[in-house]
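Novice: Curious how this folds, go ahead:
(2 chains)
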Amino acid sequence: MGAVLLHRFGGIVTLAPVRNDEVALVDLLDRLLAGGVVIAGDLTISLADVDLVHISLRALISSVDKLMER
Amino acid sequence: MSERTVYLYAIGDADLADSPELAHIKGVEDAPIRTIGEGPLSAVVASVDRDTFSEETISANLEDLKWVENLARRHHDVVDRLARGHPIAPVRMATVYYTDAGVRELLRARCAELSATLDRVRGRSEWGVKGYVAPVDEGADAPLDAHSTAAPGTSYLMRRRAQRDHAAHRRERVTDAAEKLHEEFAAMALDCRLYPPQDRRLTGRSDEMVLNAAYLMDDAAAALLAQRVEAVTEQLHLELTGPWAPYSFTDLGGS
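Specialist: Below you'll find the model as predicted:
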């Protein structure tokens, strides 16, 4: 998942999917937070409220805090 | 044994029920993947822990980047594997039903729309193109100073203004170029979707993203897209990702 351009032989482009853990998280979350069939389900979870920058910065601060505690 | 609830990954054709790969895919909580069939459709689901996937717990966990990342990758692992061999309508992350009956009712109620979605994506994949502009060294790029006879202070200010104007024009040209490329790629595709540029605080990149788009197309068109992406080297740097399951093209416009 995620294409790598390989050799071009006489104009033929070969595309090779790469492993799932190499998929960039941001690319994945673009699609999973704003894409896919919107189905009500039995729960009401609003993914639109997920503020990636906010939780990413919080994760960063919390890991720095842990380092400082030592 | 703890109470279970039904986590929904994706919807596909009825024949998905017979797929041998279902037994080998690891998803959320490593819970076995199974299908619920109703008419011409199959829902791909797993029974997961009800407490972990309650409204309260999910909402709280959505504040935790590690949890979000883990769920996203697990969800994607399942959807991606399925999409390789079958037309699939991926369902948004963290969609839960209390019972199988609820899922069946969904398939019954929205059969026509879901079937139409599967027909649209059959034989096609999603391809992502991101476009970046390299940050410019404004000093190096600016036009030659035509005011060297003026007093040094004035000359500096005039130079700075020339640099700013130049940078603004350059940015305009790059944005135009990105728009034109998007139009060109969209013409090669059945459908396209634009995403906002990704925040630099998330990507960790210093260059600015000016294009973040998804295109739905078959493999032949994708090969042409890949050639074009590789050929573009002026003003923009393009990156291609794919094939993706058609996450960006299954919006039914309702609930």
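Novice: Does B:Val96 touch A:Thr44 like I think?
Specialist: No: checked against C-beta atoms under 8 Å, the pair B:Val96 and A:Thr44 is beyond contact range at 10.2 Å. Backbone N, C-alpha and C define where each C-beta goes, glycine included.
Novice: So which of the two has more stuff around it?
Specialist: Shown here are B:Val96 and A:Thr44; by other C-beta atoms under 10 Å in any protein chain shown, B:Val96 has more neighbours (21 against 9).
Novice: For the more buried one, give me its contacts.
Specialist: A:Gly41, A:Asp42, A:Leu43, A:Ile45, B:Thr5, B:Val6, B:Tyr7, B:Leu8, B:Val48, B:Phe53, B:Ile58 (C-beta atoms under 8 Å, 6 or more residues apart in numbering or on different chains).
Novice: Now intersect these with the strands, please.
Specialist: Assigned to strands by DSSP state E, the following of the contacts of B:Val96 qualify: B:Thr5, B:Val6, B:Tyr7, B:Leu8, B:Val48.
Novice: and the spatially closest residue to B:Leu82 that is not a sequence neighbour, bridged to which residues?
Specialist: Excluding its sequence neighbours, the residue lying closest to B:Leu82 (C-beta to C-beta, 6 or more residues apart in numbering or on different chains) is B:Ile88, at 5.1 Å. For B:Ile88, the beta-bridge partners under DSSP bridges are B:Gly12.
Novice: isn't B:Ile88 right up against B:Val79?
Specialist: Yes: using C-beta under 8 Å, B:Ile88 is in contact with B:Val79, at 6.6 Å.
Novice: residues bridging contact with these two, i.e. touching both?
Specialist: Residues touching both B:Ile88 and B:Val79 (C-beta under 8 Å, 6+ apart) are B:Ala10, B:Ala245.
Novice: burial measure for the spatially closest residue to B:Asp51 that is not a sequence neighbour, as a count.
Specialist: With sequence-adjacent residues excluded and distances taken as C-beta to C-beta, 6+ apart, B:Asp51 is closest to B:Thr57, at 6.3 Å. Residues lying near B:Thr57 (other C-beta under 10 Å) number 14.
Novice: Spit out the contact partners of B:Asp119.
Specialist: Counting by C-beta under 8 Å, 6+ apart, B:Asp119 touches B:Pro87.
Novice: you'd agree it is in a helix?
Specialist: Yes: secondary structure of B:Asp119 (DSSP: H, G, I helix; E, B strand; the rest coil): part of a helix.
Novice: Tell me where the chain has helices.
Specialist: I went with chain A, as the question did not name one. With DSSP state H applied, chain A shows helices at A:25-34, A:52-69, listed in chain order.
Novice: could you do chain B instead?
Specialist: Using DSSP H, the helices found in chain B span residues B:55-61, B:65-85, B:100-109, B:111-121, B:138-141, B:152-188, B:200-203, B:219-231.
Novice: which one of these has the lowest average pLDDT?
Specialist: Lowest mean pLDDT of the helices of chain B: helix B:138-141, a mean of 54.
Novice: what about the closest residue to chain A within the stretch 101-250 of chain B, neighbour count?
Specialist: Taking C-beta to the nearest C-beta, chain A has its nearest neighbour within the stretch 101-250 of chain B at B:Tyr247, 3.6 Å off. By other C-beta under 10 Å, 31 other residues sit near B:Tyr247.
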